[in-house]
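>>> Predicted structure and sequence below. I'll ask about it afterward.
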Amino acid sequence: MRMRWGVAAGLMVMMVGPAAAADKKKDDSAAILEQLVEMQKEIKALRDDVGQLRQAVADLGRPRTAPAGPPLPATVTLDNDPAMGSESATVAIVEFSEFQCPFCRRYHDQTMALIKQQYVDTGKVRYVFRDFPLEMHPQAKPAAIAANCAARQNAFWPMHDALFANQPRLGPALFEELAATLKLDVPAFKACLADPEIPKEVEADVAYGATVGGTGTPTFFIGRLKDGRISTPQRISGAQPMAAFAAAIDPLLK
């Protein structure tokens, strides 16, 4: 009986062995097929990347055309916004700007002092600042309100410089701190911050800036000045170097 059972078990092993081998072969084939499919996908992705690289290289050799900006307005008004320089100047710069924009700060730090020294302080150019706080900068409008409140105490430009110098700290605490540092009447300054008329003045500047083609900050309009407005203005966008402003201003002074 034991011999018969041993023979039967041996026969079962012999029968199972080929079946297991066949299953393993099927599994190996499926794995190889899956790898081939993945390799085909990778080859296609590589071909696409090579095609994009070839297109990029071809594009490098083609002349580029700068995107056209919005049409220039016929005139730009100075309004009653903060200004410096001679009222009898024949040329004016109107800047649409804000205090949280990093490019506005770069212009302030690198170029504005040169323009002031060469053109404004010499009486050649009237310089006007108009508010254009961008919605993406949550402290830009509050900072504009703070600057306008300083303007009510004849301290716009000192506040203007201080806000840029402290740009990372913009906020209510800084505004009051600067008011005290600049020796303003702090209670009057705080009352002004709560005055609903001040935000309206800022919003009016923003609305006007949009009508003359302002889309970003800083944006400058430069032209000959007459009757509180500049005619046939040129536009400079961004934190451009002094040379860009000189190229626009000098021909107007001749």
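Ah, there it is.
>>> contacts, neighbours, all on C-alpha from now
OK.
>>> what residues are up against Leu193?
Going by Cα atoms under 8 Å, 6 or more residues apart in numbering, Leu193 touches 145-146, 149.
>>> separation between it and Lys41?
Taking Cα to Cα, to the nearest Å as the measure, Leu193 falls 62 Å from Lys41.
>>> Spell out the secondary structure type for Ile145.
With DSSP: H, G, I helix; E, B strand; the rest coil as the basis, Ile145 sits in helix.
>>> Sketch out the low-pLDDT regions of the stretch 1-150 of the chain for me.
For the stretch 1-150 of the chain, residues meeting the criterion pLDDT under 70 lie at 1-27, 44-46, 48-69.
>>> how about a cut-off of 90?
Scanning the stretch 1-150 of the chain with the threshold set as pLDDT under 90 gives 1-70.
>>> hey, where'd the helices end up in it?
2-60, 102-107, 113-115, 140-151 (DSSP state H, counting those that start in this stretch).
>>> helices or strands up against the shortest one?
It stands for helix 113-115. helix 242-253 (3 or more Cα pairs under 8 Å, 6 or more residues apart in numbering; DSSP states H and E).
>>> try it again with 6 Å
Applying 3 or more Cα pairs under 6 Å, 6 or more residues apart in numbering; DSSP states H and E, we find helix 113-115 packed against no helix or strand.
>>> and it, how far from the chain's centre?
Chain-centre distance of helix 113-115: 23 Å, with Cα atoms, centre = their mean, to the nearest Å.
>>> how about that helix: buried residues?
Buried positions in helix 113-115, judged by neighbour count with 16 or more other Cα atoms under 10 Å: Ile115.
>>> Check stretch 154-171 too.
155-157, 159-164, 167, 170-171.
>>> can you check stretch 129-147 too?
The neighbour-count check on stretch 129-147 (16+ other Cα under 10 Å) flags 129-134, 139-147 as buried.
>>> same question, stretch 115-125
For stretch 115-125, burial by neighbour count (16+ other Cα under 10 Å) applies to 115-116, 119-120, 123-125.
>>> Ok, stretch 172-186 next?
Going by neighbour count (16+ other Cα under 10 Å), the buried part of stretch 172-186 is 174-176, 178-179, 184, 186.
>>> which residues in the stretch 101-250 of the chain form strands?
Taking DSSP state E, counting those that start in this stretch to define them, one finds strands in the stretch 101-250 of the chain at 125-131, 219-226, 229-237.
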